[in-house]
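Peer 1: Sequence plus predicted model, see below.
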Amino acid sequence: MRKRSSLAGFALFLLTVVMVFALSIASTGAQDATPIPEPTAIVSDLGTGSMKISFWNGLTGSDGVTLNDMLAQFVTENPDISVTTEIIPWNTLYTKLQTAFVAGTPPDVFMLHASEIPQFASYGVLKDVSGWYDTNGGWFPWDDISPTTQAGMIFDGVTYGIPLDNHGRGLFINEGAFEKAGVDPNVAPPTTFEGWVELFQQLTLDVNGNNAASPDFDKENVAQWGFAVGEWPRVNFLAALAQHGGSMISEDGTTVTVNSEAGVAALQNFIDLVYTYNVSPPEAGFDTWQGFAAGAVAVLPSGTWFRNFAAEQTDIEWAAWPQFQFGPGQGTWFGAHTWMLPVGLEGEKLDAVQTLIQWVSDNQVAWAASGQVPARLSAQAALDPENYPSNIILGETFGAYGVQDIQHVAVQEMYAALDPELSAALNNQKTAEQALNDAAARMQQVLDRNR
Amino acid sequence: MKFNLLKHTGTYTYLIILSIFVLFPLVFSFSQSLMTNQEVNRWPPPIIPPSPILTNYETVLSQPDLKLVLWLRNSLFAAAAYTTAVLLICAPAAYAFARLKFPGNNILFGLLLLTVMLPSQVTLIPNFLLMRDLKFLDTFHALIWPGAANVFAVFLLRQFFMQIPQELEEAAILDGASYFGRFRHVILPLSTNALTAMGIFVFLGHYNDLLWPFITTSSLEMRTLPVGLQILNSSYAGQYRPLVLAGAVFATVPIIIVYIIFQRRIIKGVVMTGMGGR
Amino acid sequence: MEKTDAIVTSASATKQNRQPFQMRLRTREAIAAYIFLAPFIIFFSIFVVRAVLSAVNISFYDWQILRPSRPYVGFANYQELFNDYVWWIAVRNTIIFTAMTVTGTTIIALTAAVAVTQNIPGAGFFRVLLYMPTLLSVGVVGLTWVWMLSTQFGIINYGLSFLGIRPVNWLGDENLVLPALSLTTIWWGFGFPMLIFIAGLQGIPEHLYEAAKIDGANGRQLFFHITLPLLRPSILFVTVTGVISHFQVFGQPFIMTSGGPGRGSFTVIFYLYDIAWRAFRMGYGSAVAVALAIIMGIFTLIQFRIVGRRVDY
């Protein structure tokens, strides 16, 4: 018995060795296969200058590649500075930043969203950068960013951030899917919920080619969906909420209003798309990006950051549309990637960080390669429509009717209360009203606790 | 015993079904690590790579910033150091509990047993704060010391030491051996299998730990492989699944090799530590 | 260590003349025991005892880690926890998950152990093979099974399609998500209990089976009347440690479902993680941890009562 098992063990060991060997040998012959996109460098040491800057951000997509390229250019122009960027997924970054502040080891500069300024500013860990704006004798032209972006930089009257971009939501359409359904991809986007439902019904096809409006439609065997509610339901909801004239919290910041009539109507729109009209898969269990890549989604609500995935990772002929309009008004969510500094940063290092941020700000047009929209209005105007149609189309909508996240010190906690309820409603576990009431009760607790 | 295939048909059928259950996910993931992203997203799902490529492995290993090799080294070093610390600290304690009479023996051991059912999360926050105050965050110290008083190890090693016949020690006492001498020259040599098994379990548990190293290490140079892999995973799984899987295979192969080398001792050790309950 | 030994000898030598022999021997032994125990006790005191007391203490404060003020709030954190229905959802999910996983793991591990301890060719090979998933880290397990269970691209749904079953939304259906995560966990974790059972089975004397066979017992009777009762200690060990570890499930839902759909796979450690490491409310987080310890203590006691009646530890 003992001998046998040792033999078996040895055989297995040999197998592993052979496997590893085969791998290394085969690697020489497989170079010509489909190229794999360059992943974003998680950490990059750029430049050799003696002034070392550490920089953390959450740009894990192709936008991180763009920023690293820009920084590589920056260090060649400023040879005495070197930059170590570390890219960490956003959710992880929040945890990591806070533990780093607790441990007293924050980076020299980091990038978050404008909506997180209140949280970190209230901890007293952010540096006041008011002096960098031209209104206080600095270099950044305050009037070169939109009023919504301006508002996002301020907490309690103090300016804590320098904006890099506006990134937000719009629609990405699969032209092939339109043609398959007999719909002209150049059709004008509808402006009412009914109009969108009609379009999505035409675009939703079962395995027999019947669309969702047809009486023969087989809703159990859908081959192509008109829409998909699953990618980041919260920002889809925020857009529809604004379109219905609602808001997350009251203007004085004391009452949660997410469960208003407008909120219920907004959430109900998405529920109806899934369960009444059968034009979208349910929220959970459907990978929207891979679904789009596989040609299973005709109209995908996604963000500016989706551009490079669509262009490089799929064989889909795609185009960008402005955000859907389900309510009487217009609205789409956007946020601003924002440079922030830890409060203790002083002296030469501070100067170096300022040089870096100023250089990137002055070269914001290059940032469009990331798919995102530069924050500076002058940079937006200078975009090349040939190369960046989606940036321009979506960028205009952010300026015209974009809505940002609520400004609140406990925004993360409020969203932690909201997200599961949206998911429950979109998976038919709760009604829209019930879900939003439950969410509002919890969010109100958070508000009251942080009064 | 005469072997009768027919008599064992049921056993083999069951074992083969179980093996498929165990192997299939592993093979499937390994095979996906040899595909392109486009191939992965196909229906029906390809099980054999249509045209196997190694680009994912090359990318994952050649990226200078992905430091997988460094992270592997960190993981192996931290787990080895931790295992050594556990054995050095817990084996003498287990010996004292098993063989020596001293006041407070039962109370102390009872206290230990009570803490077995404590979720590790209870101590997570205070120990994190302690690491900060000791300036241990983002160093190997944070990965080695906090778990070194491993109650589980003490408990199981005590069980094992208790079964070693008393007579062997008595012979040593007659030869004038001290307590340490008895531990060192009688008990330890009889315990190599048990200590190896214990060591392997402790090692594996530490190697795969995610939450603690995630919280206590922040710099790239200090990351362990599971943490690095998790960051790679949450960054890329939606976009480049095969790439992440290549990283996963890389992280798993060393541990499988360690297991295969030691597997016979592990089973022996389990039998001997009386983890089976006798 | 040689030095330690010298101290033992000299420390007891000074007392040698004043005390009776018996006493001296006992003191000597006690001193030696404490020295053997010393390193362990030091680490145990710092990282376990102190930490537990500190957690209990912190749980009485409202303490956001980066805020300067930390007011004392008495039992308010516990009150908040007790009244939070989301906490009870998490407890419920965790209990269901733990019950399914421990049951499934025990059954598969036990039957697998019986199979691989038969005296048949290849048993050793299967023994090594079946343990393999246990070697994986939770990240790899999650990554693998997310795709196995995927609605659109999953191999399980592909297999089911041959039986005419439509794609099942394993991780997206609130009634299926816990069983699916449980299946994943059983796959990952049954190897170690299997080893425990193998060890237990090898300790059962062969003559018991021989005697029963002479009395005409069949295979099933042998299993239920000899194997199972004699494995009671192993079963207790496996279930108790299983409950303790599965009650702390976090990685699988964190990676595979983010706790969804809705809160369908939201577990107690997930709750704790949200509180402590996303909102950084350390006071409340500590209250959660203490409550968790109490719940687990109760479960362990119940188990000892049920399974452990005739087990002597």
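Peer 2: In hand now; what should we look at?

Peer 1: ok, the nearest residue to A:Asp287 once chain neighbours are set aside - contacts?
Peer 2: Spatially, and ignoring its direct neighbours in sequence, A:Asp287 is nearest to C:Gln152 (6.3 Å; C-beta to C-beta, 6 or more residues apart in numbering or on different chains). The way it works is simple: take the backbone N, C-alpha and C, and place the C-beta from them, glycine included. C:Gln152 makes contacts with A:286-287, A:290-291, A:294, A:296, B:43, C:167, as judged by C-beta atoms under 8 Å, 6 or more residues apart in numbering or on different chains.

Peer 1: burial of A:Asn437, as a residue count?
Peer 2: Using other C-beta atoms under 10 Å in any protein chain shown, A:Asn437 is surrounded by 16 other residues.

Peer 1: hang on, isn't B:Ala246 packed against B:Ser62?
Peer 2: No - counting by C-beta atoms under 8 Å, B:Ala246 does not reach B:Ser62; the two are 11.3 Å apart.

Peer 1: In terms of packing, which of the two has more residues around it?
Peer 2: Comparing B:Ala246 with B:Ser62 by neighbour count (other C-beta under 10 Å), the higher total belongs to B:Ala246, at 26 against 9.

Peer 1: how close does the closest residue to chain A within the stretch 151-300 of chain C sit to C:Gly264?
Peer 2: Nearest residue of the stretch 151-300 of chain C to chain A: C:Gly172, at 2.6 Å (C-beta to the nearest C-beta). Distance, C:Gly172 to C:Gly264, using C-beta to C-beta, to the nearest Å: 9 Å.

Peer 1: do the same with C:Asn93
Peer 2: Distance, C:Asn93 to C:Gly264, by C-beta to C-beta: 7 Å.

Peer 1: about what we covered before: quick one: which of the contacts of C:Gln152 is nearest C:Tyr34?
Peer 2: A:Asp287 (59.3 Å; C-beta to C-beta).

Peer 1: thinking again about what came up before, tell me the contacts of the residue of the stretch 151-300 of chain C closest to chain A?
Peer 2: C:Gly172 neighbours (C-beta under 8 Å, 6+ apart): A:282-286, A:427, C:151, C:260-261.

Peer 1: Do a quick rundown of the helices in the stretch 151-278 of chain B.
Peer 2: For the stretch 151-278 of chain B, the helices defined by DSSP state H, counting those that start in this stretch cover B:151-163, B:166-174, B:179-182, B:188-190, B:192-207, B:211-216, B:225-236, B:241-273.

Peer 1: Tell me which other helices or strands the second one touches.
Peer 2: The criterion is 3 or more C-beta pairs under 8 Å, 6 or more residues apart in numbering or on different chains; DSSP states H and E, and the helices and strands that helix B:166-174 contacts are helix B:179-182.

Peer 1: What residues does the stretch 351-451 of chain A have near chain C?
Peer 2: The stretch 351-451 of chain A comes close to chain C at residues A:410, A:412-413, A:416, A:420-421, A:423-424, A:426-427, A:429-430, A:442, as judged by C-beta under 8 Å from any C-beta of the partner chain.

Peer 1: Just the buried ones from the residues you listed?
Peer 2: Among those, those classed as buried by 16 or more other C-beta atoms under 10 Å in any protein chain shown are A:410, A:412-413, A:416, A:420-421, A:423-424, A:426-427, A:429-430, A:442.

Peer 1: Per the annotation, how does chain A divide into domains?
Peer 2: Listed by automatic domain parsing, the domain ranges of chain A are A:43-164+A:336-362, A:169-333+A:407-449.

Peer 1: how long is the longest one from one end to the other?
Peer 2: Translated: domain A:169-333+A:407-449. This stretch, domain A:169-333+A:407-449, spans 31 Å end to end (C-alpha to C-alpha, to the nearest Å).

Peer 1: where in the chain is pLDDT low?
Peer 2: With no chain named, the answer covers chain A. Applying pLDDT under 70 to chain A flags residues A:1-44.

Peer 1: meant chain C, my bad for not saying
Peer 2: For chain C (pLDDT under 70), the answer is C:1-23, C:307-313.

Peer 1: May I ask you to name the longest helix in it?
Peer 2: helix C:85-116 (DSSP state H).

Peer 1: Output the contacting helices and strands for it.
Peer 2: Using 3+ C-beta pairs under 8 Å, 6+ apart, the elements in contact with helix C:85-116 are helix B:9-32, helix C:123-131, helix C:177-189, helix C:191-202, helix C:232-246, helix C:268-273.

Peer 1: SS state for the residue in the stretch 251-400 of chain A that chain C sits nearest to?
Peer 2: The stretch 251-400 of chain A approaches chain C most closely through A:Gly285 (2.6 Å), counting by C-beta to the nearest C-beta. With DSSP: H, G, I helix; E, B strand; the rest coil as the basis, the three-state label of A:Gly285 is coil.

Peer 1: Now the residue nearest to it when sequence neighbours are not counted, what are its backbone angles?
Peer 2: Setting aside the residues directly before and after it, A:Gly285 is nearest to C:Gly172 in space (C-beta to C-beta, 6+ apart), at 2.6 Å. Backbone torsions for C:Gly172, taken as degrees, to the nearest 10, come to phi -110, psi 0.

Peer 1: All set, thanks.
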